[in-house]
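Participant: Here is my input, please return the structure:
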Amino acid sequence: MESLRTMFGQPEWSLRHETIKYIYTKNMKEETSVREYILDMIMHFNIAEVNGSTINEANQVSFILESLLKSFIPFQTNTSLNKIEFNLTTFLNELQRF
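Facilitator: Below is the predicted model of the structure:
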C-alpha cells in the first residue's frame with residue numbers, strides 16, 4: 001500500500017478523507033444488487049482502515065443499513081425494533097434473503 005501512495009503521491013489523510021466521504025454519502029441505487037453494494041462498502045471500509053480510520057463492525061452495518069433503498073424499510077424496522085446485531089457476513093446473507 002505504501003508503494004501505491006508514493007506512486008500516486010496522495011497523502012494518507014487525503015485518502016482517508018475521500019474514503020470516509022464516500023462511505024457517508026453513498027446510497028444504494030435501484031439497479032445495484034445488494035451483494036455488489038455491500039461488497040463495495042466493505043472494500044471502502046477496508047481502504048479507510050488501511051489509511052488509519054477505525055470503524056467498528058456495528059457502525060459499518062449501521063452505515064450500510066441507513067443507505068439502503070426504501071424497499072428495505074421493513075428490514076430496517078425489524079432490525080431496529082428487535083435490536084438485532086449483525087456481523088457483516090450475516091448481514092449480507094440476511095439482506096440477500098429479504
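Participant: Report the central residue of the protein.
Facilitator: Met41 (3.3 Å; CA atoms, centre = their mean).
Participant: For that residue, pull up the helix or strand it's in.
Facilitator: If you go by DSSP states H and E, Met41 is part of helix 34-50.
Participant: in that helix, what counts as buried?
Facilitator: Neighbour counts over helix 34-50 (16 or more other CB atoms under 10 Å) mark Val34, Tyr37, Ile38, Met41, His44, Phe45, Ile47, Ala48 as buried. Yep, even glycine has a C-beta here, placed from its N, CA and C like the rest.
Participant: ditto for stretch 56-72
Facilitator: Gln60, Val61, Phe63, Ile64, Leu65, Ser67, Leu68, Phe72.
Participant: what distance separates that stretch from the centre of its chain?
Facilitator: Put simply, stretch 56-72 sits 7 Å off its chain's centre (CA atoms, centre = their mean, to the nearest Å).
Participant: For it, give me every contacting residue.
Facilitator: 23-24, 26-28, 30, 37-38, 41-42, 45, 55, 75-76, 79, 85-88, 91, 95, 98 (CB atoms under 8 Å, 6 or more residues apart in numbering).
Participant: Regarding that stretch, how distant is the last residue from the first?
Facilitator: 23 Å (CA to CA, to the nearest Å).
Participant: so after the helix or strand that Ile73 is a member of, what's the next helix or strand?
Facilitator: If you go by DSSP H and E, Ile73 is part of helix 73-81. Next in sequence after helix 73-81, counting helices and strands by DSSP H and E, comes helix 88-97.
Participant: what's in contact with that following helix?
Facilitator: Contacts of helix 88-97 (CB under 8 Å, 6+ apart): 34-35, 38-39, 42, 57, 60-61, 64-65, 68, 72, 75, 86.
Participant: With just CA atoms, put it into CSV.
Facilitator: Written as CSV, here are the backbone C-alpha positions of helix 88-97 (Å, rounded to 0.1, in the frame of the first residue of the first chain):
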residue,chain,number,x,y,z
LEU,A,88,-21.1,-8.2,8.0
THR,A,89,-21.3,-11.7,6.7
THR,A,90,-24.7,-12.5,8.4
PHE,A,91,-25.9,-9.1,7.4
LEU,A,92,-25.2,-9.7,3.7
ASN,A,93,-26.8,-13.1,3.8
GLU,A,94,-30.0,-11.8,5.5
LEU,A,95,-30.3,-8.9,3.1
GLN,A,96,-30.0,-11.3,0.1
ARG,A,97,-32.8,-13.4,1.5
